[in-house]
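Engineer: Sequence and predicted structure below; questions after.
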Amino acid sequence: MGLLWAPWRIPYLRKITRQSKPDACFFCEYAASPKKDKKNLVVLRGKACFVVLNRFPYTGGHVLVAPFAHRGEMALLSPEERGEIFDLLILMERALGTLMHPQGYNIGLNIGRAAGAGIPGHLHFHILPRWNGDHNFMSSVAQVKVIPQALEELHSELQKALRTVR
Ligand SMILES: [Zn+2]
């Protein structure tokens, strides 16, 4: 993932390195505000976990799956959370497949800031659709605002796609 060239992430990375207070967790904020799901780009809520679009994506369709609870270690996840994280990853793979027809996916978890976790206190899995040659494509055409402008549209398209795969 680190090989992708994603200049729109720079302001985000600057921001998170400044944020060290534990109350600056947007996962907790989003989890507690279901009425703001559209604004916050929350795609789906399960029983113990939810799915949100990454505002600073590595590729179009980069989503995050996190528990509602603020948990920084895998060992602290309840059996329900463990199961639902996997279920949501599978569901999102299918929805992204229906919507974007990617040729592959990166699915992963960064634990700790040294591993690239932006919000290290709140575990979140990444799922990124990938296409052959997307690295080259992104490098040559990507502008800072290209992907963020498409996020609201992607949010509603993904919700439509989810209705077809659930
Ligand atoms: Zn949190």
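Structural biologist: Great, that's in hand.
Engineer: Can you give me the separation between the residue nearest to Cys49 when sequence neighbours are not counted and Arg94?
Structural biologist: Counting by C-beta to C-beta, 6 or more residues apart in numbering, Cys49 lies nearest to Glu84, which is 4.5 Å off, once chain neighbours are set aside. (C-beta placed from N, C-alpha, C; glycine too.) From Glu84 across to Arg94, the span is 15 Å (C-beta to C-beta, to the nearest Å).
Engineer: Which one's more surrounded, those two?
Structural biologist: Between Glu84 and Arg94, counted using other C-beta atoms under 10 Å, the more crowded position is Glu84 (21 against 15).
Engineer: Could you look up the SS state of that one?
Structural biologist: helix (DSSP: H, G, I helix; E, B strand; the rest coil).
Engineer: I'd like the numbering to begin with 377 instead of 1 from here.
Structural biologist: From this message on, residue numbering opens at 377, which makes the last subject Glu460.
Engineer: Distance of the spatially closest residue to Asn430 that is not a sequence neighbour relative to Glu456?
Structural biologist: In space, and not counting its chain neighbours, Asn430 is closest to His438: 4.3 Å by C-beta to C-beta, 6+ apart. As judged by C-beta to C-beta, His438 and Glu456 stand 25 Å apart.
Engineer: More neighbours: which of those two?
Structural biologist: His438 (23 against 13).
Engineer: quick one, what contacts that one?
Structural biologist: Leu429, Asn430, His502, Ile503, Leu504, Pro505 (C-beta atoms under 8 Å, 6 or more residues apart in numbering).
Engineer: Confirm for me that the fifth one is in contact with Gly437.
Structural biologist: When you say that, I think you mean Leu504. Yes - taking C-beta atoms under 8 Å as the definition, Leu504 is a contact partner of Gly437 at 7.0 Å.
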